[in-house]
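have a look at this prediction, sequence included:
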Amino acid sequence: MNKKKLAKESFVTTTEMVLPNDTNTLNNMMGGRLMHLMDIVAAVSAQKHSNRIVVTASVDHIAFHHPIALGDTVTLEAQVTRAFSSSMEVFIKVRAEHMPSGKSAETNSAFFTFVAVDQSGNPISVSKLIPETEEEKNLYDGALRRRQLRLILAGKLKPDDAPELKSLFFDKIK
Ligand SMILES: CC(C)(COP(=O)(O)OP(=O)(O)OC[C@H]1O[C@@H](n2cnc3c(N)ncnc32)[C@H](O)[C@@H]1OP(=O)(O)O)[C@@H](O)C(=O)NCCC(=O)NCCS
């Protein structure tokens with residue numbers, strides 16, 4: 001596919017309020033519930049870029065830096081950082097806010113990878129992505145190394161075929 005789309009065209013944001021069903025016994029949001037929301041907002045972003053059905057191929061490391069309390073709002077932002085052949089890396093940022101006090105904090109960020117598929121579930125090519133801002137360009141540049149790392153960890157790429165990361169896997173190569 002030769003079409004090109006701007007990174008910002010894939011931007012998606014959504015805000016949810018943390019309700020009792022979303023929480024653990026400490027009245028804080030369950031990690032799994034937040035990951036569910038991250039998966040959805042990122043999938044919508046990948047769909048916006050590709051105009052295709054997408055499936056989650058992998059989720060990179062997620063850390064939970066701050067608890068999110070019952071009644072807080074969570075705002076999720078997602079944008080595609082780079083498109084490869086059929087896969088797209090999406091960066092998700094999560095911010096929690098306690099409206100009565102106006103206090104807010106960035107609680108999470110993560111990279112998810114989605115693959116565009118046809119009606120039979122087979123990978124299908126997507127448009128190239130054009131980064132414009134400094135942040136978009138940095139994310140775009142780093143996406144190649146992150147892709148290599150996740151494919152090595154998934155056993156889909158040999159460290160020998162990832163020149164930029166080969167040294168990290170020196171012990172395994174010997
Ligand atoms: C993701 C999926 C479509 C990949 O299909 P596949 O037959 O392995 O396809 P390929 O090996 O040809 O890879 C296709 C693309 O997926 C990417 N990919 C495959 N495994 C990946 C992984 N673990 N992490 C990141 N990307 C991955 C490849 O890099 C490739 O990208 P490219 O076309 O941009 O180069 C397939 O494994 C699948 O359908 N998985 C289940 C998805 C799903 O149900 N998700 C929800 C889970 S509840």
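Ah, there it is. Values in this document were obtained by computation on a predicted structure and should not be read as measured data.

how about low-confidence regions in the chain?
Applying pLDDT under 70 to the chain flags residues 1, 169-174.

show me where it has strands.
According to DSSP state E, the chain carries its strands in the segments 4-6, 12-17, 53-59, 73-83, 87-98, 103-117, 128-130.

ok, now how distant is the closest residue to F84 other than its chain neighbours from the ligand?
In space, and not counting its chain neighbours, F84 is closest to R147: 6.7 Å by Cβ to Cβ, 6 or more residues apart in numbering. Using the backbone N, CA and C atoms, a C-beta is placed for each residue, glycine as well. Remark: distance between R147 and the ligand (Cβ to the nearest ligand atom, to the nearest Å) = 7 Å.

R147 and A162, how far apart?
When distance is defined by Cβ to Cβ, to the nearest Å, R147 is 9 Å away from A162.

same question for H61.
Taking Cβ to Cβ as the criterion, H61 is separated from A162 by 18 Å.

likewise for K93?
27 Å.

quick one on the thing from earlier: in CSV, list the strands of the chain along with mean neighbour count and distance to the ligand.
Formatted as CSV, the entries for those read as follows, by neighbours: other Cβ atoms under 10 Å; distance: least, Cβ to the nearest ligand atom, whole Å:
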stretch, mean neighbour count, distance to the ligand
strand 4-6, 14, 15
strand 12-17, 14, 18
strand 53-59, 17, 3
strand 73-83, 23, 8
strand 87-98, 22, 3
strand 103-117, 19, 4
strand 128-130, 18, 11
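
okay, now D161: neighbour count?
Neighbouring residues of D161 were enumerated by other Cβ atoms under 10 Å; the total is 11.

any idea how far it is from D141?
Plainly put, D161 is 19 Å away from D141 if you go by Cβ to Cβ.

with T75 instead?
Between T75 and D141 the distance, using Cβ to Cβ, works out to 26 Å.

likewise A42?
Looking at A42 against D141, where the rule is Cβ to Cβ, the gap reads 20 Å.

looking at those two, which is more packed in?
Using other Cβ under 10 Å as the criterion, A42 and D141 rank with A42 on top: 29 against 12.
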